[in-house]
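J.: Fold the following and give me the result.
(chains A, B, C and D, ligands or ions: 2)
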Amino acid sequence: MLTSDNTTPATTVHSTQSGRSLAEIRQDFPILARQVHGKPFIYLDSTASSQKPTAVLTAMNEYYHQHNANVHRGVYLVSEEATAGMEKARVKIARFINARQSKQIIFTRNTTESINLVAHTWGSANISSGDLIILTEMEHHSNLVPWQLLAQRTGARLEFVPVTDDGLLQLDVYADLLRQQPKLVAFTHMSNVLGTINPIHEMIAQAHAAGAITMVDAAQSVPHLPVDVQALDADFLCFSAHKMLGPTGIGVLYGKKALLEAMPPFMGGGDMIRTVKLRESTWNDLPWKFEAGTPAIAEAIGFGAAIDYLNALGMDNVRQHEREITSYALDALKAVPGLTIYGPEADQRGGVVSFTLADIHPHDLASILDQEVGVAIRAGHHCAQPLMERYDLAATARASFYIYTSKEEIDILVQGLQKAQHIFRF
Amino acid sequence: MLTSDNTTPATTVHSTQSGRSLAEIRQDFPILARQVHGKPFIYLDSTASSQKPTAVLTAMNEYYHQHNANVHRGVYLVSEEATAGMEKARVKIARFINARQSKQIIFTRNTTESINLVAHTWGSANISSGDLIILTEMEHHSNLVPWQLLAQRTGARLEFVPVTDDGLLQLDVYADLLRQQPKLVAFTHMSNVLGTINPIHEMIAQAHAAGAITMVDAAQSVPHLPVDVQALDADFLCFSAHKMLGPTGIGVLYGKKALLEAMPPFMGGGDMIRTVKLRESTWNDLPWKFEAGTPAIAEAIGFGAAIDYLNALGMDNVRQHEREITSYALDALKAVPGLTIYGPEADQRGGVVSFTLADIHPHDLASILDQEVGVAIRAGHHCAQPLMERYDLAATARASFYIYTSKEEIDILVQGLQKAQHIFRF
Amino acid sequence: MSMDYREYILDHYRDPRNYGTLEHPDVHCEDSNPLCGDQLGMDLQIEGDRVTEVRIQGRGCAISQASASMLSEMIEGKTLEEVIALGKEDVLEALGIPISPARTKCAFLGLRVLHRGLAIAGLEQPQEDEDE
Amino acid sequence: MSMDYREYILDHYRDPRNYGTLEHPDVHCEDSNPLCGDQLGMDLQIEGDRVTEVRIQGRGCAISQASASMLSEMIEGKTLEEVIALGKEDVLEALGIPISPARTKCAFLGLRVLHRGLAIAGLEQPQEDEDE
Ligand SMILES: Cc1ncc(COP(=O)(O)O)c(C=O)c1O
Ligand SMILES: Cc1ncc(COP(=O)(O)O)c(C=O)c1O
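T.: Ligands and ions are numbered 1, 2, ... in the order given. The predicted model follows:
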């Protein structure tokens, strides 16, 4: 993975992705050249949302400047171009996660909507009073609250796979819970707080053996790892474009065809219908049955460009780069006195590190890092309040990495933490 | 409204909007300079989706290139900038429709989602078996199917205000239906097929007198007319950015505060919560209670820029320009032999004209106009199948206009129709 | 004059062949194009291994109705095997004009109804939609 | 050294004034900042038209806890009228540092709890959130 590039000496110490030096990759992200508080901007919050390469914006601008029209129903050339652009993006996304057919890719606003869609449609049709839904203690609110709402509507029961002190799922408890014949098991592929990469291949197989349907929250995995829905045998899986170089406003629900076809629609309106009478209607084919109203056309096209960009790098290389950065960061952070890291070791972890520093509140830490060294980290409960409670924490600080993160940036994070210690004097 | 501009003679025949000549306005829309099939592109399909001025794309690019970060929970400067950008857009939108507070502006994907949100939340809490919901025969599927689904879930009844042969609502029947104590009345402000501008001010007052809540589908009115939600006293009102110079992927639900506050949430997930425990949660304040997951941040900012653009033109001027273009088009089309126009006269009509030409199917007409003269019109049922059935039509051709439409473009439409007649020989 | 509306297409549109219904069809199927509303029904009479009679009913654009009319001519008198083998190429060849992406659903509506009808009657395997 | 973390702020954070609870408070209110989880509770004792005792409880960042501590000092011994009049300016002045937009919710958490508590006790009008 290491290449030497004599023209840009700074990059010789970095791994490369698909033969491109990190310096070259960083050029594609203009925001990385800006300053904050008079210091170079260092973005360590890609888990919340990634930065976007110029290619993604170019694709969307080209759409708006040359091919903008509503899709699907237009007979004229520009509308055909818009439709083709959007549907080509769907095919790219299907291939990216190895879905069998592009009609299994439903466009939503984000991961959150994808999960709510399943909770509302599959959930209403399949869950009734007393039914068991298994979740985990490390779920993001988006993979928790929709099931709470479903449980309230239907009288279903929720049980939770606990996490160990090291941030791993307690798989023995999972096995026990599966014996209670759950209807659905929903879990995250990668925790957005602990970075834990869960063994979802085995977890899905066990769930299926117990007769349950599986919903994988892949918001953190699809952007960072190769994911193959057929190899995983996932029933439902979802993710958001904005976390993987793509625009805001678009996400994906993947589902097995038979499940999607059997589900009632979610929202009613234009495009999702076959025939409409005053008092009754019939539904369109997949994927449109679940895409009511004018879709996020430009965003789909931008998402497609993001997929192209990631494919050009190679997802194995993306993973490898993050693995190196994460190991480097874990080592550097462990050397900071008073710092506590949450979650597993580097080999079971994606590019996310949550930590606390002595009695400095994470919000104060984030403010200091921003103002003193231009480093953007996240501070708070990371939309995982039950997990915070599990560790008896109000909040953590979280640094997270992506294809453009450099080791120098980690060094500056550490310098910032030292400044914070100095300010809070201990 | 007429100014003469000696430097660009072509514009002297046009009305202007806020002192800017039509030629100047058209410069802001690069797509209008492209060619299709070797002819200049003429876009007469703004009712489906409008074109976007450069300023809107610039605003979104600037966001992505300089201020991109997830909103609301970030302590660092860039995230604060992103949050401020998005919330500033919300304030602009609130002022644009004269909402009392910006928290009454809920961001959704589009008009369709806004209506489904109300049907799911307000609907589930307030509609039960036997309750009456009044709609009209001229509704877009998006203001029809969500209520059908609600009726199926709850056992509510749907009744419809019929339309006259001239494309007007039969207000005497509306008054009769109101006597049956409806819980909800939902209607479009402007028909996307007939162009009819409904007298919604009176209709809302009558609905309130009958004790009903009102939902206004303003997808076609907010882009084209001054709309004042307080003057109208609308309970719910919704529209889409993509039809008013803004990006795809974002729409708005406006609601009265007391109604929105009493409604249960729609989707569960990040940002819409106050506290989350494993089995129960409490909700955030308005507007975030209804905005689960990462919102369409760039799109909100682009929407704000679209509002700025429309404000600079002045909505009275926008309406005036469309009134002139529509009168001109109606006159020109009436002179085409064999052509039938649907809907009311110019004074009760927005910038939309649906028509059929002898026995030429609208799809064929649209193909011919596209290929022969580069004119993009829509052909089909326009997501209003029940309305098509009312007029015993399978489809119509529809030309629609916006701030950039010129009289010359109408002339070329008419030439194209003459060519179609020649091809179909009659 | 538009290449897309040759005289013979307009002729099939104005005067569709095999228009009507059969009293006791062995195969009947109808479908519509959800995005534009074009409708088409098709009745087949089958004797032995041969399609002996075809009737179509429908309303829609010139492309959908003319292509169905042409298809009905291709079907009549052919063996079931030959009819099952009919594909998009055959329809496009009969139309003889380029079909833009938005109009392919119009052009293939008749073909879709034919194969759906045969599948429902158990005479051929249901076809999976392919990915573009 | 960051301007945003002056010594006295850290001092109020480490050693909050009036920390604890009252046994029979006339006013009690608690709230949390939904986006960051900072918590604050406040108890008031009122005699005649005067706030005679204040206690706060909470957990959160230096800004939220120090500002609540400072606020508690401002409240104690004041007349109800004076306490009702306390606003954002007063808190910002006491903090004496610029507060970035993301941190305003931290800075004003105590103030919000105070006015909510007084409103619930019927001692002041509930405040409408203003539009930014
Ligand atoms: C009157 C009317 N209502 C609703 C809609 C639906 O809008 P959207 O597709 O943006 O949800 C439209 C546009 O197609 C419309 O014209
Ligand atoms: C694990 C996980 N699930 C779900 C989400 C929700 O994603 P979105 O906000 O795009 O809906 C996130 C991101 O915030 C996440 O990290």
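
J.: three-state assignment of residue A:269?
T.: Judged by DSSP: H, G, I helix; E, B strand; the rest coil, the three-state class of residue A:269 is coil.

J.: Could you pull up the contacting residues of it?
T.: The contact partners of residue A:269, by Cβ atoms under 8 Å, 6 or more residues apart in numbering or on different chains, come to A:292-293, B:112, B:115-116, B:140-142, B:145-146, B:383. Where C-beta positions appear, they are placed from N, C-alpha and C, glycine not excepted.

J.: again, but for residue C:72
T.: Shown in contact with residue C:72 (Cβ under 8 Å, 6+ apart): C:16-18, C:42, C:54-56, C:110.

J.: Go again with 6 Å.
T.: For residue C:72, the contact set (Cβ atoms under 6 Å, 6 or more residues apart in numbering or on different chains) comprises C:17-18, C:54, C:56.

J.: Okay, the closest residue to it other than its chain neighbours and residue B:361: tell me how far apart.
T.: Ranked by Cβ to Cβ, 6 or more residues apart in numbering or on different chains and with sequence neighbours excluded, the top spatial neighbour of residue C:72 is residue C:18, at 4.0 Å. Between residue C:18 and residue B:361 the distance, using Cβ to Cβ, to the nearest Å, works out to 20 Å.

J.: Could you do residue A:245 as well?
T.: 44 Å.

J.: now swap in residue A:54 and tell me
T.: Distance from residue A:54 to residue B:361, by Cβ to Cβ: 44 Å.

J.: can you list the weak-confidence ranges in the chain?
T.: Answering for chain A, as no chain was given. Along chain A, segments meeting pLDDT under 70 span A:1-16, A:426.

J.: That was the other one, I meant chain C.
T.: Scanning chain C with the threshold set as pLDDT under 70 gives C:1-4, C:34-36, C:128-132.

J.: quick one: the strands in it?
T.: Secondary structure of chain C by DSSP state E: the strands cover C:27-32, C:39-47, C:50-59.

J.: Paired strands for the first one, with orientation please.
T.: Paired neighbours of strand C:27-32 in the sheet (DSSP bridges): strand C:39-47 (antiparallel).

J.: And the partner strand, how far out from the chain middle?
T.: On the basis of Cα atoms, centre = their mean, to the nearest Å, strand C:39-47 sits 9 Å off its chain's mean C-alpha point.

J.: which residue sits closest to the most centrally placed residue in chain C, ignoring its sequence neighbours?
T.: Ranked by distance to the mean C-alpha position of chain C (Cα atoms, centre = their mean), the top residue is residue C:110 at 2.4 Å. In this structure, residue C:110 finds its nearest non-sequential neighbour in residue C:68, 3.2 Å apart by Cβ to Cβ, 6+ apart.

J.: next one: residue C:30
T.: Using Cβ to Cβ, 6+ apart and skipping the chain neighbours, the partner closest in space to residue C:30 is residue C:41 (3.6 Å).

J.: One more: residue A:183?
T.: Ranked by Cβ to Cβ, 6+ apart and with sequence neighbours excluded, the top spatial neighbour of residue A:183 is residue A:131, at 4.6 Å.

J.: ok, the one you found to residue B:277 distance?
T.: If you measure residue A:131 against residue B:277 using Cβ to Cβ, the figure is 21 Å.

J.: Could I get the contacting residues of residue A:381?
T.: Remark: with contacts taken as Cβ under 6 Å, 6+ apart, residue A:381 is in contact with A:388, A:395, D:37.

J.: Give me the buried subset of these.
T.: Among the contacts of residue A:381, those buried by neighbour count (16 or more other Cβ atoms under 10 Å in any protein chain shown) are A:388, A:395, D:37.

J.: Roughly how far does the first one sit from residue D:32?
T.: Per Cβ to Cβ, residue A:388 is found 13 Å from residue D:32.

J.: So which of the contacts of residue A:269 belong to helices?
T.: Taking DSSP state H as the definition of helices, those contribute B:112, B:115-116, B:145-146.

J.: of all these, which comes closest to residue A:354?
T.: The nearest member of the ones in helices among the contacts of residue A:269 to residue A:354, counting by Cβ to Cβ, is residue B:116 at 36.2 Å.

J.: Please spell out which residues along the biggest helix by length in chain C are buried.
T.: Ordering each helix of chain C by length in residues (DSSP H) puts helix C:62-75 first. Going by neighbour count (16+ other Cβ under 10 Å), the buried part of helix C:62-75 is C:62-72, C:74-75.

J.: Next: stretch A:224-232.
T.: For stretch A:224-232, the neighbour count (16+ other Cβ under 10 Å) marks A:224-225, A:227, A:229, A:232 as buried.

J.: who's in contact with it?
T.: Defining contact as Cβ under 6 Å, 6+ apart, one finds that stretch A:224-232 is touched by A:97-99, A:201, A:204, A:221, A:237, A:254, A:315, A:319, A:322, A:350.

J.: likewise stretch A:127-147?
T.: A:111-112, A:115-116, A:119, A:154-163, A:169, A:177, A:180, A:182-188, A:191-192, A:217, A:383-384, A:386-387, A:390, B:268-270, B:273, B:276, B:281, B:293.

J.: interface residues of chain A facing chain D?
T.: When proximity is defined as Cβ under 6 Å from any Cβ of the partner chain, chain A approaches chain D at A:361, A:363-364, A:368, A:371-372, A:380-381, A:394-395, A:423.
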